[in-house]
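S.K.: Based on what follows, work out the 3D shape:
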Amino acid sequence: SACLVGSEMCIRDSFKAFQDAGYNTVSLSTLHWVNQFFGYGAGVDKEYQLFGIITLPGVAFAMMRGTLHAYETDQIDNAELVRHIKPVLQRLFTNLAIYCEKYESQIGELKHFFSDSAMMNSGYDHSQVLEITKRHEAEFNADHFRYIERYLLPTPEGSEWMQRWIPLDWYYARKKSKLVTEMAFWVGNKILALFDPDFAAARKNRFKIYPDASSVANKTIDAIKTAANDERPFFIWTHFLDTHLPYVSGKGRTWYKETPQLLGNLGYDKKIPAAGAFGGEPSNATERKTFSALYDAALLSTDQQIGHILDALSDLGLEDNTIVAVAGDHGEELGEFGHFGHFFRLHRYATQVPCVIRAPGLPQGECKSFSTIMDIAPTLLELANIQPPSDWEGVSLVSEKMTPQASVLIETFYSGNCLFEHRPLYFAVRNNDYFFIWREAIDPSDTETSSRCELYDLKVDPDEVNNIYNEDHPSLLALETIIAYRMR
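M.R.: Numbers count the residues shown, from 1 in each chain. Modelled structure (predicted):
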């Protein structure tokens, strides 16, 4: 058996590889872009979409926003705007129909495990949602540009897309009882805020925007129990989101009542506001400490729930026949370089992640070589005695044939739009001595970067603060060669 909990970046081809080897594959997708809608459907026997329907237009808008800005700033014309927006909207309309069908088919299980999530408490009547979606699809098909102009131009800022586009029409597609209940709650919470604003702020956000670690762990354990009754070995993947902003810990709709104890267990002041990270980036030292403390509490809460999964494997007698991998998909900046959260930056705070693998017969140890999350999938396959596909870039970290890597290459675009032919590439190379960032050019949307190239001496500057780049530095030839080889 194999149970993978963690990074989505290594998972897409893993499903197919394990399924081809005869495994029963299950995806518990709390992450709205790691599912059949975004290319992760191949090789998955059973998929649970553990996110609310509102996230689908949200992801679609995120994919379109940069393109809309590019049109408004005369970087592209009407025809190119439509060419890029059209497939996003067409796919959205199709995906919404698929989502509603799957949601209704799994509603019993979803209610049982996720009754306290926003997904289960939105109150949407999915038949009405589908009718509204079909009207939007017909309007778009009648005149592509006019639809874009009516709903998406000028480009909505922040959450404006929810007040101007398809979610606005969905608002009254919610059940009347839900609208009445929410109004009564809103009035009561306004009154409570006069006496205890911190408690009211937490209570206002009682339904987390994603399933909490406790409900995800419980559903994962249920999936393990179900899969254990199958003759096939199993491969299960899920993703915990509690350590993402706004760093909420605890379980259920009263999660905020558990946060003080989690904070206390870590040595923090129990009076730190549980909802202290809901208001955007911190503006002073006290708020910055609050963010860091709440992140740690969310991490502790998640760690406890992963422990429950391990306990369940032991109770079911599967501990000695199951591989467990826990990995992060990105780091988190908690004030480093003035940033909070994670973005398209290449410093180690955003790119260095934990990865812990437990497998029968695997001795305790640490991989001393540079590695990436692309190496997780081939490692799991080797541990399961399955041959990895020959075209994978990653390498098994437990293979006797593995050659230790002296450096690691990182690459990205910087946020913005999907007009990749207009976007400069960002690369970084890290070895034991230096960290080098090379940008093809500074992206127009990157307003924080002033230097196209950066170089840090990690022996004396492990926090990557002092940029010592100059084009004659003796370390550059080797570092630039790695980037050039990737670009060839």
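S.K.: Can you tell me what sits against the strand or helix carrying Ile483?
M.R.: Following DSSP states H and E, one finds Ile483 within helix 476-487. With CB atoms under 8 Å, 6 or more residues apart in numbering as the test, helix 476-487 has contacts from 407, 409, 411, 425, 427, 429, 431, 434, 436, 438, 455. For glycine as for every other residue, the C-beta is placed from the backbone atoms N, C-alpha and C.
S.K.: List the buried residues of that helix.
M.R.: 476, 479-480, 482-483 (16 or more other CB atoms under 10 Å).
S.K.: Specify which member of those residues is nearest to Thr94.
M.R.: Using CB to CB, Ile483 is the member of the buried residues of helix 476-487 that lies nearest Thr94, at 38.6 Å.
S.K.: Could you tell me the per-residue confidence at the closest one?
M.R.: Ile483 carries a pLDDT score of 97 in this model.
S.K.: Tell me how far it lies from Leu409.
M.R.: 7 Å (CB to CB, to the nearest Å).
S.K.: which residues are common contacts for those two?
M.R.: 427, 429.
S.K.: Check which element follows the lowest-mean-pLDDT helix or strand in the chain along the chain.
M.R.: Least confident helix or strand, the chain: strand 2-5 with a mean of 58, by mean pLDDT, DSSP states H and E. Moving toward the C-terminus from strand 2-5, the next helix or strand (DSSP H and E) is helix 12-20.
S.K.: what does that next one rub up against?
M.R.: 2, 4, 25, 27, 39-40, 42-45, 235, 237, 377, 380-381, 384, 386, 388-389, 392.
S.K.: Thr302 contacts Ala213, correct?
M.R.: Yes - counting by CB atoms under 8 Å, Thr302 touches Ala213, with 4.5 Å between them.
S.K.: Now the common contact residues for these two.
M.R.: Common neighbours of Thr302 and Ala213 (CB under 8 Å, 6+ apart) are 240, 242.
S.K.: Any regions of this structure where pLDDT drops low?
M.R.: Along the chain, the model assigns pLDDT under 70 to residues 1-10, 416-417.
S.K.: remind me, longest helix of it?
M.R.: helix 285-315 (DSSP state H).
S.K.: Can you name every helix or strand that that one contacts?
M.R.: Under the contact criterion of 3 or more CB pairs under 8 Å, 6 or more residues apart in numbering; DSSP states H and E, helix 285-315 touches strand 2-5, helix 213-228, helix 259-265, strand 323-327, strand 333-334.
S.K.: can you do 6 Å?
M.R.: Packed against helix 285-315, as judged by 3 or more CB pairs under 6 Å, 6 or more residues apart in numbering; DSSP states H and E, are the following elements: helix 213-228, helix 259-265.
S.K.: ok and that helix relative to strand 323-327, angle-wise?
M.R.: For helix 285-315 against strand 323-327, the angle by axes from the mean of the first three to the mean of the last three CA atoms, to 10 degrees is 170 degrees.
S.K.: Now restrict the contacts of helix 12-20 to buried residues only.
M.R.: 2, 4, 25, 27, 40, 43-45, 235, 237, 377, 380-381, 384, 386, 388, 392.
S.K.: now, which of those lie within helices?
M.R.: Filtering the buried ones among the contacts of helix 12-20 for helices - DSSP H - leaves 377, 380-381.
S.K.: mind giving me TSV with the residues you listed and columns for distance to Gly52?
M.R.: Formatted as TSV, these follow (distance: CB to CB, whole Å):
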residue	distance to Gly52
Ala377	29
Leu380	30
Leu381	34
